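**Student:** just coords:
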């Protein structure tokens with residue numbers, strides 16, 4: 001089976017007609033699985049994937065490789081297939097602002113090659129200060145131009161392996177604020193991952209981004225945030241972990257990112273790519289019993305998307 005055939009089969013299985021967006025996937029971060037050092041307890045893959053499948057999801061992005069799952073295509077397939085899950089792609093932090101991107105390009109090829117062999121086609125790029133997720137330092141104009149060139153080099157390298165690179169604006173990275181997003185949009189040709197939650201945290205109206213740059217959107221992370229907690233985060237009153245523990249990320253429809261309007265705009269534009277459910281969760285106490293905890297929030301988000309469907313169907317008439 002070719003990689004494209006595998007992706008086509010996943011897309012066919014994911015088309016349910018029950019939400020305004022056609023292809024809905026899960027993400028381990030919604031179960032507390034995260035590559036940020038010290039994030040919290042990570043539930044085992046078998047439980048996470050079983051709970052995804054129990055919600056009716058047919059595909060997922062990956063959690064951390066070489067940690068939560070091995071960087072091995074066979075092992076990834078073996079973890080997913082018992083649950084009937086396919087692989088959409090994965091979130092990959094890279095350091096790309098230095099004068100040389102050789103190390104990052106080597107890592108990109110290594111991870112993209114593994115994910116492609118496991119059936120994925122989307123390389124979700126986060127641009128970090130370092131792999132310890134230190135606070136990002138400002139770039140000058142030359143630094144932004146260099147970063148744009150390095151992003152395009154990553155996109156070219158992953159494309160050669162059958163993977164499309166999309167840039168993910170993200171709190172705590174070099175592409176965090178609205179002005180960062182605009183600078184990089186102008187300096188590279190890679191596609192983007194629209195994440196309403198992280199855009200809102202950075203001061204960028206997610207609906208405005210969807211309307212202005214819909215032609216650059218090649219992937220979607222559906223994430224909602226509590227605006228008041230986000231304000232405390234950007235003001236420096238809370239660390240990212242403190243904000244997460246204070247309820248920064250909410251089930252879809254319970255935050256301030258305007259998820260319904262963003263989903264409606266994407267549907268209006270005819271977006272037919274994957275929409276990955278994400279509610280960044282950190283498990284810092286006793287892990288919840290199977291069938292409880294994070295899975296309940298993901299179920300709430302799925303119900304919200306289902307409730308949007310009749311309204312959008314009526315608006316389309």
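**Tutor:** Cool, the structure landed. Quick caveat, the model's predicted, so the values are computed rather than measured. Numbering: from 1, shown residues only.
**Student:** now do the buried residues in stretch 148-164.
**Tutor:** Neighbour-count burial for stretch 148-164, with 16 or more other CB atoms under 10 Å as criterion, is recorded at 148, 150, 151, 153, 154, 155, 157, 158, 161, 162, 163, 164. C-beta coordinates here come from the backbone N, C-alpha and C atoms, glycine included.
**Student:** can you name the helix or strand that the fourth one falls in?
**Tutor:** Assigned by DSSP states H and E, residue 153 falls within helix 141-159.
**Student:** check which helices and strands whichever helix or strand comes after that helix sits against.
**Tutor:** Using DSSP H and E, the helix or strand that follows helix 141-159 towards the C-terminus is strand 164-167. When contacts are defined as 3 or more CB pairs under 8 Å, 6 or more residues apart in numbering; DSSP states H and E, strand 164-167 sits against strand 122-127, helix 141-159, strand 191-194, strand 217-222.
**Student:** what does strand 164-167 contact?
**Tutor:** 121-125, 127, 151, 154-155, 158-159, 175, 184, 188, 190-193, 218-219 (CB atoms under 8 Å, 6 or more residues apart in numbering).
**Student:** what subset of those is buried?
**Tutor:** 121-125, 127, 151, 154-155, 158, 175, 184, 188, 190-193, 218-219.
**Student:** thinking again about what came up before, quick one: which two of the buried residues of stretch 148-164 are the most distant?
**Tutor:** For the buried residues of stretch 148-164, the maximum inter-member distance is 23.3 Å, found between 148 and 162 (CB to CB).
**Student:** show me the contacts for residue 218.
**Tutor:** Per CB under 8 Å, 6+ apart, neighbours of residue 218: 122, 164, 166, 191, 192, 193, 273.
**Student:** switch the cut-off to 10 Å
**Tutor:** By CB atoms under 10 Å, 6 or more residues apart in numbering, the residues touching residue 218 are 122, 164-167, 190-194, 271, 273-274.
**Student:** and it, what pLDDT?
**Tutor:** Looking at residue 218, its pLDDT is 98.
**Student:** any idea how far it is from residue 275?
**Tutor:** 12 Å (CB to CB, to the nearest Å).
**Student:** all strands of the chain, in order?
**Tutor:** For the chain, the strands defined by DSSP state E cover 23-25, 59-62, 86-94, 122-127, 164-167, 191-194, 217-222, 224-225, 249-250, 274-277.
**Student:** quick one: strands adjacent to the longest one?
**Tutor:** In its sheet, strand 86-94 lies beside strand 59-62 (parallel), strand 122-127 (parallel), with partners assigned from DSSP bridges.
**Student:** tell me the centre residue of this structure?
**Tutor:** Nearest to the geometric centre of the chain sits residue 221, at 4.6 Å (CA atoms, centre = their mean).
**Student:** so that residue versus residue 124, what's the distance?
**Tutor:** Separation of residue 221 from residue 124 (CB to CB) stands at 8 Å.
**Student:** anything in contact with each of those two?
**Tutor:** Residues touching both residue 221 and residue 124 (CB under 10 Å, 6+ apart): 27, 61, 91, 166, 168, 170, 193, 195, 276.
**Student:** tabulate those (a markdown table), appending pLDDT and distance to residue 46.
**Tutor:** As requested, the shared contacts of residue 221 and residue 124 are exported to a markdown table (pLDDT from 0 to 100; distance: CB to CB, whole Å):
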| residue | pLDDT | distance to residue 46 |
| --- | --- | --- |
| 27 | 98 | 16 |
| 61 | 97 | 17 |
| 91 | 96 | 20 |
| 166 | 99 | 28 |
| 168 | 98 | 27 |
| 170 | 96 | 28 |
| 193 | 99 | 27 |
| 195 | 99 | 27 |
| 276 | 98 | 20 |
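**Student:** return the member of these nearest to residue 210.
**Tutor:** Closest approach to residue 210 among the shared contacts of residue 221 and residue 124 (CB to CB): residue 195, at 11.1 Å.
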